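Colleague: What would the 3D arrangement of this be:
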Amino acid sequence: MSQHFLLSAAARETFKAVRWASTEGEPVCSKCGCVEAYEIATRQIFKCKGCLAQFSVTSGTIFASRKLPIRDILAAIAIFVNGAKGYSALQLSRDLDVQYKTAFVMAHKLREAIALSRSAEKLDGVVEVDGAYFGGYVKPENKKADRVDRRLSENQSGKRQVVIAMREREGRTVTGITRTEAQGVSLVAPMVAASATVHADEASHWDALHARFATKRINHSEAYSQDGACTNQVESFFSRLRRAEVGTHHHIAGKYLAAYASEMAWREDNRRVSNGGQFAQVVGAAMAAPVSRQWKGYWQRAA
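Modeller: Numbers count the residues shown, from 1 in each chain. The predicted model follows:
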């Protein structure tokens with residue numbers, strides 16, 4: 001028996017143990033939930049004794065209809081979590097020896113699974129709130145005489161977006177995407193408990209928070225922390241997101257900005273967790289996530 005087969009068998013057993021933990025790795029039908037199934041060993045799939053449906057270890061999960069071997073998926077997850085500042089699809093494609101498009105879709109499936117696994121409970125305690133602008137870069141003209149003031153709205157591309165981050169002290173980080181920072185005020189109430197104390201900077205649009213929360217404000221033109229008020233932890237998150245943009249992905253704006261922001265929030269919250277712990281989290285999230293509608297093949301999206 002070759003080492004290649006042993007690795008594939010071990011990877012498959014790992015997926016079975018994670019996905020069907022409640023039955024100690026014994027397959028459960030993804031359609032009817034029946035716990036009685038037998039394996040068709042030659043095809044490495046199972047057949048349900050109840051509804052007679054055939055299913056694999058990844059059926060009904062975010063990796064449904066996969067083409068990559070399971071060992072490559074596990075390798076991709078291990079590589080993905082190892083990047084402290086994120087991991088680019090180009091580098092992942094080289095490490096796995098697959099096409100860039102394959103690695104790009106794989107990475108975004110992992111981001112989707114991570115986002116779905118994040119707790120929906122409201123933040124509480126001390127919560128810092130702020131926003132940061134991403135995307136919409138306008139390249140300056142070569143000659144100084146031809147350059148315009150890129151701060152004016154008429155000279156902008158209209159593609160700039162804001163990542164609104166809410167970070168709980170010694171807790172979780174939650175993100176949202178808006179067109180302007182002022183629009184981010186409406187995101188705070190659904191995501192932060194009324195009993196929380198909210199820290200924000202002196203931007204006037206955050207004034208609306210006083211009507212709902214106990215609020216502390218910090219004027220950054222005077223100090224970064226003063227009288228117990230600061231937003232240093234949420235600024236730390238934006239620093240990590242900027243490093244992911246500049247040093248790893250180079251471009252994280254547009255329709256994918258929310259996915260990258262959510263990923264970096266997860267990395268920030270789990271930065272003290274070991275690689276093995278992060279690997280287990282992502283594998284578990286991928287097995288619990290339903291079939292992706294955004295990242296399935298175009299012929300499967302209507303299925």
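
Colleague: C-alpha from now on. contacts and neighbour counts both.
Modeller: Noted.

Colleague: what helix or strand is the nearest residue to residue 64 once chain neighbours are set aside on?
Modeller: Distances taken as CA to CA, 6 or more residues apart in numbering put residue 58 closest to residue 64, at 5.3 Å, once the chain neighbours are dropped. Residue 58 belongs to no helix or strand when assigned by DSSP states H and E.

Colleague: tell me the strands in this structure, going along the chain?
Modeller: 37-40, 45-48, 54-55, 126-134, 161-168, 173-178, 197-201, 214-218, 225-226, 229-230 (DSSP state E).

Colleague: What mean pLDDT does the third one get?
Modeller: So the one you mean is strand 54-55. For strand 54-55, the mean per-residue pLDDT is 91.

Colleague: before we move on, what about the longest one?
Modeller: Taken as a whole, strand 126-134 carries a mean pLDDT of 96.

Colleague: now the angle from it to strand 173-178?
Modeller: 40 degrees (axes from the mean of the first three to the mean of the last three CA atoms, to 10 degrees).

Colleague: Parallel or antiparallel, list what pairs with strand 126-134.
Modeller: Strand 126-134 pairs in its sheet with strand 161-168 (antiparallel), strand 197-201 (parallel), by DSSP bridges.

Colleague: Between these, which one is closest to residue 251.
Modeller: strand 161-168 (12.8 Å; CA to CA).

Colleague: then that closest one to PDB, C-alphas only?
Modeller: Extracted in PDB, the C-alpha atoms of strand 161-168 (Å, rounded to 0.1, in the frame of the first residue of the first chain):
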ATOM      1  CA  GLN A 161     -16.000  51.600   1.100                       C
ATOM      2  CA  VAL A 162     -15.800  51.600   4.900                       C
ATOM      3  CA  VAL A 163     -15.100  48.700   7.200                       C
ATOM      4  CA  ILE A 164     -17.000  49.300  10.400                       C
ATOM      5  CA  ALA A 165     -15.500  47.300  13.300                       C
ATOM      6  CA  MET A 166     -16.900  46.700  16.700                       C
ATOM      7  CA  ARG A 167     -14.400  45.100  19.100                       C
ATOM      8  CA  GLU A 168     -15.300  43.700  22.500                       C
END
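
Colleague: tell me how far that strand is from the chain's mean position?
Modeller: 14 Å (CA atoms, centre = their mean, to the nearest Å).

Colleague: any residues touching that strand, and which ones?
Modeller: Around strand 161-168, the neighbours that count as contacts under CA atoms under 8 Å, 6 or more residues apart in numbering are 123-136, 173-181, 184, 188, 233-234, 253-254, 258, 261.

Colleague: Same question for stretch 247-267.
Modeller: Contacts for stretch 247-267 (CA under 8 Å, 6+ apart): 84-88, 108, 111-112, 114-115, 134-136, 159-161, 163, 172-177, 237, 240-241, 244-245.

Colleague: In a markdown table: the strands paired with strand 126-134, plus distance to residue 267 and mean neighbour count.
Modeller: As requested, these are exported to a markdown table (distance: least, CA to CA, whole Å; neighbours: other CA atoms under 10 Å):
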| stretch | distance to residue 267 | mean neighbour count |
| --- | --- | --- |
| strand 161-168 | 13 | 26 |
| strand 197-201 | 22 | 24 |
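
Colleague: Mean pLDDT for the ones you listed - can I get that in JSON lines?
Modeller: Output for the strands paired with strand 126-134, formatted as JSON lines (pLDDT from 0 to 100):
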{"stretch": "strand 161-168", "mean pLDDT": "96"}
{"stretch": "strand 197-201", "mean pLDDT": "97"}
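
Colleague: what about residue 139, neighbour count?
Modeller: 9 (other CA atoms under 10 Å).

Colleague: returning to that earlier point: among the contacts of stretch 247-267, name the buried ones.
Modeller: Using 16 or more other CA atoms under 10 Å as the burial test, the contacts of stretch 247-267 include 85-88, 108, 111-112, 114-115, 134-135, 160-161, 163, 172-177, 237, 240-241, 244-245 as buried.

Colleague: What are the neighbouring residues in contact with residue 50?
Modeller: Contacts of residue 50 (CA under 8 Å, 6+ apart): 32, 34, 36-37.

Colleague: Look up how far residue 40 lies from residue 47.
Modeller: Distance, residue 47 to residue 40, using CA to CA, to the nearest Å: 7 Å.

Colleague: Between the two, which has more neighbouring residues?
Modeller: residue 47 (19 against 12).

Colleague: shouldn't the more buried one be in contact with residue 57?
Modeller: No - Residue 47 is beyond contact range of residue 57, at 11.3 Å (criterion: CA atoms under 8 Å).
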